[in-house]
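A.B. asks: A predicted structure for the sequence below; I have some questions about it.
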2 protein chains.
Amino acid sequence: ICILLGAAEFVPSPRITWHLKEINLIHFHVQGVSNYSTLLLSEEKDVLYIGAREVIYAVSSLNVTEKLHEVYWKVTDEKNNECARKGKSKQTECLNYIRVIQPFPDNSLYVCGTNAFQPTCDYLDLNNFQLLGKNEDGKGRCPFDPAQSYTSVMVDGELYSGTSFNFLGSEPIIFRHSHQSQLRTEYAVPWLNEPSFVYADVIRAPANNPEGEDDKVYFFFTEVSVEYEFFTKLLIPRIARVCKGDQGGQRTLQKKWTSFLKAKLICHSPENNLIFNVVSDVFILKPSDSSEPKIYGVFASNLNNVGLSAVCAYNVSAVEDVFAKGKYMHSATVEQSNTKWVRFNGEIPKPRPGACMNNEARAMNYTNSLNLPDMTLQFVKDHPLMDDSVTPNGNKPRLVLQNVTCTQIVVDRVKALDGNSYDIMFISTDKGTLHKAISHDTDLRIIEEIVLFPHLQAVQTLLLSNKEGKRFIYAGSNTGVVQAPLAFCEKFASCVDCILARDPYCAWHPVKSSCVHILQESNVDGNLIQKLSGDISYCPDSAENPKGMMHTVKPGSMVELKCSQKSKIASVVWKFRKGTLKFKLPKYHPLESGLVIFNITEEDTGIYNCSSQVEVGNKIISQLLIQHVIEIEKLPTTMESTTQP
Amino acid sequence: ICILLGAAEFVPSPRITWHLKEINLIHFHVQGVSNYSTLLLSEEKDVLYIGAREVIYAVSSLNVTEKLHEVYWKVTDEKNNECARKGKSKQTECLNYIRVIQPFPDNSLYVCGTNAFQPTCDYLDLNNFQLLGKNEDGKGRCPFDPAQSYTSVMVDGELYSGTSFNFLGSEPIIFRHSHQSQLRTEYAVPWLNEPSFVYADVIRAPANNPEGEDDKVYFFFTEVSVEYEFFTKLLIPRIARVCKGDQGGQRTLQKKWTSFLKAKLICHSPENNLIFNVVSDVFILKPSDSSEPKIYGVFASNLNNVGLSAVCAYNVSAVEDVFAKGKYMHSATVEQSNTKWVRFNGEIPKPRPGACMNNEARAMNYTNSLNLPDMTLQFVKDHPLMDDSVTPNGNKPRLVLQNVTCTQIVVDRVKALDGNSYDIMFISTDKGTLHKAISHDTDLRIIEEIVLFPHLQAVQTLLLSNKEGKRFIYAGSNTGVVQAPLAFCEKFASCVDCILARDPYCAWHPVKSSCVHILQESNVDGNLIQKLSGDISYCPDSAENPKGMMHTVKPGSMVELKCSQKSKIASVVWKFRKGTLKFKLPKYHPLESGLVIFNITEEDTGIYNCSSQVEVGNKIISQLLIQHVIEIEKLPTTMESTTQP
């Protein structure tokens, strides 16, 4: 029964790895400041706001080394001491970690920090980059403990957050902070059961939608399953949602969500029974055209975890169907003492519990959540969990990665020159790298891997700028922030290299004779060459001859023939006298940088061609990289031992 | 949350791999005969019986190449055609695969074969090695399909088997075949749910046990869980047991087991949440002294399977406690339509359902299962599954293996010269290898790996001979049977090598000056040196100098210094001029067989010492393997270009 999983079969390798010294990334770092974990971009002002430990920066989003402003927000000695007395670390935990930076009206930002286990929020006036010193209680908006999971999103001036509500971190909460109506989750296992929050975002109802639907805020987290049982605690990924117009109930669910529903977020590969039961991060791609938003999640597993991660993608319409039409789960008491969750098959009250207000409800005279009937409210209070699951597109992961622990994901939709749109996934890891992957129909590749940070630092946050012509990725780690371009087209020197990269951002410009970034070309005319199939036959014939090297050596000596390539998915092939060289020690010794040939004799003289070979769509593409020639050194005639007759 | 599992941290590597050409294993194979899957050893007669496809052999157990007898048992053309008409393969499935060879009274064997999907049993008369031609219906004793799982054990002339009862393989059964009282399991999901049988064995009640307990037959299998739920079908390993004295019920459970109970057989590593939910094979170690039998199981996982296997060990007393004192599970109907299994907390009828007859029951006038009250029988019929689990010793696996798929296990208990007993696990794989492992307190090692079969053939069956002085391991595969010794002591040429092997079977004999197998030494006197801690200081000082080699080379040329060792857990260290050599290309190039030094100059002349270093119990043990000396060739004085003044 036990089967060995040939991971290599379905796990792609990055085609290229760009190391720090090969590319020019722009780094921001201030001596003595750590934990650059919170980023906010103002595309309008070309400013990136950075929340680190005890300080907030404003830097230019076009060049993050350019610091515009800074404001320190330190804990007082008194608070620091008080926190230390409670058993926390004075030097680390009892400081102020900025966890929330959100836009706020009147040219200001809403900011929160852990503030020595006394979470506090304030307003940052952008006119003078000073904190107003309001020191609002940040409970429910920001965690007490910098090590704890949290997420937040600002929607129309109201902060939605998922965090913990107490010093111990034992009371989880999904909270809306607003001066008009604060709402929160029930403190009850069926609502939230030891959650780890990873992401929250709003999905707007389309303007003028005929059903009069509300905007919805989605939360993503991993929690302990109540509906499944195993001999160990079973974690399960969740998606939850609330409605923007929710105002809580009148009697039942007073100041609580009346629209909180959650469902399993499945990421499972049925063909090899890979179960990804921990969601690590989520990104909601909201296309600029009117097409449907798409949810991308990176997942890991805590069951037999041997370093696999996966990306699953979900349609928002599938998510909405589960919440709007799916069955509910029901907690039944079995044999007096056991609680088991089963599908609820009874009659569901009207209006539908947990539904957002729409025209249908309004027609029934339910104008807002305050006048919903008790039956509906009591039902949703007892049945926050859906029986139906949110299943991924294609019913399996888009991508499975091995030997990396993924931390964050952002996704960009790029329109390539073939007229198709491609979703490019940027996935960061705990080792400071970024994987840029494409998954389009059956075409599944990691275009490149980029080393963002030295010393294997975990990437804590990832941000994508959408501003036309000024598109960058920003990544935060414990030691700094880095700004990276979306592609490294200019690194490909020839048309063949440019095409073989198969990067939707890159195309060959025959006039400039360079590989260009299509979004940065003002004039994308018909002359650019982009063939994402990797078909290099469209490239103009290269007049350039491959490089050649001559080696004149003594008989019996050794020679090293250099030949290397960037692509890690291509193989190097050596040809000599019309045949492919078979490497066999002690004669030939292949190195990463080339080939060593030992004990050279007359037999070894001649031309050695080193080529790169790669399979693209069942076709082998071969490219001559370098030509070496070996000849034997003619020794000057010295004394000869043979005596002449 | 996602954590990369550094597998190497807890998965030991074999210290040594013995390849086929290095060791003299004895192979048995007959041209044209395949599937040597069933083995039975007669230690009394020194005969090994081998069941292959359509033939049974008797060979010498001291030398399996010595064939003593053979008898063919072929399917008739008629049966072969009939089977093919039902859609099975005429050339493979529709043949007779011998699946049962068990000892039987009157110098005979009880044998069963699949017989072209019409399982048939017969008696083999050992006086003339002829089948009696009784052709009994083998349903329930032998599977129809050679690809299906099965197990059997003969106990006091009665055959206990776990297999499937029909052509389709859809009706699983645990069956006792006996001319007096045939018993079987209920055909019902709570009893057996798509099981894969792997092992069965009897554990005898101690002679004169005060409770008058019965002998018990244990079955091991993997089945689909009813008590746990997940979004995929969940497999779970089981241990089940029946009592030898069971005769079925009078009305309820007529001709069915009244003593069938089963429990979860947990093999879980809590520290890294590794879940081994598939049992692949089991071995019950029954010590020759009166100490308690021990159950060893090899496990795999079908959840996120990336090639991990584990060995878990269980005390028989822990197993008996679960069945004799544990809680039962109860199937409850929830909300009319769902079945959920929960702990049964109600009153349990007396006598205890599923219990074997003992003095207490007899005192209550229940002399055998036929007069058990209906209450007890109905309860066990409905509650065959225990709520308590059988947990492994130490609550975690004894051993975790990576990148091997384990097929079979046998365990030997050897008394070493330090007076301690060590359980040596022999674990075969699907690649034709055998891992010999020790797990004693914190000492967890794979002593050696033995290649039993060429061409990566799966080992299908493994057998251990216990006969004093004639101890071997027998392994069967698709192409033959191999006989291997329990240790390769004689391969260690020096006292240091012998001690560093840390093999409880091996000790250094200072008089013979050889590494000897302690169980084969007639006179194990106090002179043998065995230090399982690896303490080589007990070895007599070796008068032998290490081997040396002289290299006289031209300046600028290269030289290869040979040095290799068998141990894969030790590292090779090169010392030169008092320092440890750091390998750096292009100067030094380490190979598996030694070291290549390029471009020799005067700087490189001198003595190179190659040592083996291994860490044993936090101590580094170093052993000089070979000494090389490099000197520069003195060129004969030729014409010099300097002119004398």
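C.D. replies: Yes, it's here.
A.B. asks: the domain parsing of chain A - what is it?
C.D. replies: Following automatic domain parsing, one gets these domains for chain A: A:490-538, A:548-632.
A.B. asks: now do the same end-to-end measure for the first one.
C.D. replies: Chord length of domain A:490-538, first to last residue, is 19 Å (Cα to Cα, to the nearest Å).
A.B. asks: what mean pLDDT does it get?
C.D. replies: Throughout domain A:490-538, pLDDT has a mean value of 89.
A.B. asks: likewise for the longest one?
C.D. replies: Taken as a whole, domain A:548-632 carries a mean pLDDT of 85.
A.B. asks: could you tell me the end-to-end distance of that domain?
C.D. replies: Chord length of domain A:548-632, first to last residue, is 17 Å (Cα to Cα).
A.B. asks: equivalent analysis for stretch A:516-532, please.
C.D. replies: Stretch A:516-532 has its terminal residues 14 Å apart, counting by Cα to Cα.
A.B. asks: same check on stretch A:459-472?
C.D. replies: Termini of stretch A:459-472 sit 16 Å apart (Cα to Cα).
A.B. asks: what sits up against that stretch?
C.D. replies: Surrounding stretch A:459-472, the residues in contact under the criterion Cβ atoms under 8 Å, 6 or more residues apart in numbering or on different chains are A:35-39, A:41, A:43, A:46, A:48, A:61-62, A:281, A:288, A:407-412, A:426, A:428-430, A:432-434, A:452-453, A:473-478, A:483-486, A:519-520. Yep, even glycine has a C-beta here, placed from its N, CA and C like the rest.
A.B. asks: what subset of the residues you listed is also close to chain B?
C.D. replies: Restricting the contacts of stretch A:459-472 to those within reach of chain B (Cβ under 8 Å from any Cβ of the partner chain) leaves residue A:430.
A.B. asks: is it true that residue A:317 lies in a strand?
C.D. replies: No - Residue A:317 sits outside any strand when classified using DSSP: H, G, I helix; E, B strand; the rest coil, being helix.
A.B. asks: residues contacting the closest residue to it other than its chain neighbours?
C.D. replies: Sequence neighbours aside, residue A:292 is the residue nearest to residue A:317 in space, at 6.0 Å (criterion: Cβ to Cβ, 6 or more residues apart in numbering or on different chains). By Cβ under 8 Å, 6+ apart, the contact set of residue A:292 is A:315-317.
A.B. asks: what's the local residue count around the residue nearest to residue A:239 when sequence neighbours are not counted?
C.D. replies: Beyond its immediate neighbours in the sequence, the residue positioned closest to residue A:239 (Cβ to Cβ, 6+ apart) is residue A:265, lying 4.6 Å away. For residue A:265, the neighbour count with other Cβ atoms under 10 Å in any protein chain shown is 28.
A.B. asks: which ones are touching residue A:265?
C.D. replies: A:220, A:237-239, A:279, A:297, A:312, A:314, A:389-390.
A.B. asks: quick revisit: of the contacts of stretch A:459-472, grab the buried ones for ChimeraX.
C.D. replies: In ChimeraX, a selection of the buried entries from these looks like this (16 or more other Cβ atoms under 10 Å in any protein chain shown):
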select /A:35,36,37,38,39,41,48,61,281,407,408,409,410,411,412,426,428,429,430,432,433,434,452,453,473,474,475,476,477,478,483,484,485,486,519,520
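A.B. asks: my guess is residue A:174 contacts residue A:184, does it?
C.D. replies: Yes - the pair residue A:174 / residue A:184 is scored as a contact, 7.0 Å apart, by Cβ atoms under 8 Å.
A.B. asks: which neighbours do the two have in common?
C.D. replies: residue A:257.
A.B. asks: of the two, who's got more company?
C.D. replies: For residue A:174 versus residue A:184, the count of surrounding residues by other Cβ under 10 Å is larger for residue A:174: 27 against 19.
A.B. asks: so is the helix or strand hosting the more buried one next to chain B?
C.D. replies: Residue A:174 belongs to strand A:172-177 when elements are defined using DSSP states H and E. No - contact of strand A:172-177 with chain B is not found when judged by Cβ under 8 Å from any Cβ; the minimum separation is 14.8 Å.
A.B. asks: pLDDT of the following helix or strand past that strand, averaged?
C.D. replies: In the C-terminal direction, the helix or strand that comes right after strand A:172-177 (DSSP H and E) is strand A:183-184. On average, the pLDDT along strand A:183-184 is 96.
A.B. asks: ok and the residue in the stretch 401-550 of chain A nearest chain B?
C.D. replies: residue A:405 (4.8 Å; Cβ to the nearest Cβ).
A.B. asks: that residue contacts residue A:427, correct?
C.D. replies: No - in this structure residue A:405 lies outside contact range of residue A:427 using Cβ under 8 Å: 10.6 Å.
A.B. asks: more crowded one of these two?
C.D. replies: Set residue A:405 next to residue A:427 and count neighbours by other Cβ under 10 Å: residue A:427 wins out with 29 against 21.
A.B. asks: and the closest residue to that one other than its chain neighbours, what does it touch?
C.D. replies: If you skip the residues right next to it in sequence, residue A:427 has residue A:435 as its closest partner in space, 4.6 Å away by Cβ to Cβ, 6+ apart. Listed by Cβ under 8 Å, 6+ apart, the contact set of residue A:435 reads A:14, A:401, A:404, A:406, A:425-429, A:446, A:449.
A.B. asks: among these, find the lowest-pLDDT one for me.
C.D. replies: For the contacts of residue A:435, the weakest pLDDT value sits at residue A:404, with 86.
A.B. asks: give me the neighbour count for that one.
C.D. replies: Taking other Cβ under 10 Å as the criterion, the count of residues near residue A:404 is 22.
A.B. asks: and it, that's in a helix?
C.D. replies: No - secondary structure assignment places residue A:404 outside any helix; it is coil (three-state DSSP).
A.B. asks: do I have it right that it meets residue A:307?
C.D. replies: Yes - between residue A:404 and residue A:307 there is a contact under Cβ under 8 Å: 7.2 Å.
A.B. asks: ok, what's across the strand from whatever residue of the stretch 251-400 of chain A ends up closest to chain B?
C.D. replies: Nearest residue of the stretch 251-400 of chain A to chain B (Cβ to the nearest Cβ) works out as residue A:300 at 2.9 Å. Beta bridges link residue A:300 to residue A:278, judged by DSSP bridges.
A.B. asks: and it, what pLDDT?
C.D. replies: Per-residue confidence (pLDDT) for residue A:300: 95.
A.B. asks: okay, which residue is most central for chain A?
C.D. replies: Centre of chain A computed as the mean C-alpha position; nearest residue by Cα atoms, centre = their mean is residue A:409, 1.1 Å away.
A.B. asks: check whether it really touches residue A:294, as I assumed.
C.D. replies: No - at 12.0 Å, residue A:409 and residue A:294 do not qualify as touching, with contact defined as Cβ under 8 Å.
A.B. asks: got a list of contacts for the strand or helix carrying residue A:611?
C.D. replies: When elements are assigned from DSSP H and E, residue A:611 belongs to strand A:606-616. Outside strand A:606-616, the residues within contact range by Cβ under 8 Å, 6+ apart are A:500, A:502, A:533-535, A:561, A:563, A:565, A:567, A:569-577, A:581, A:594-595, A:620-630.
A.B. asks: and the buried ones among the residues you listed, selectable in PyMOL?
C.D. replies: Listed next is the PyMOL selection for buried residues among the contacts of strand A:606-616, using 16+ other Cβ under 10 Å:
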select buried, chain A and resi 500+502+534+535+561+563+565+567+570+572+573+574+575+576+581+594+595+621+623+625+626+627+628+630
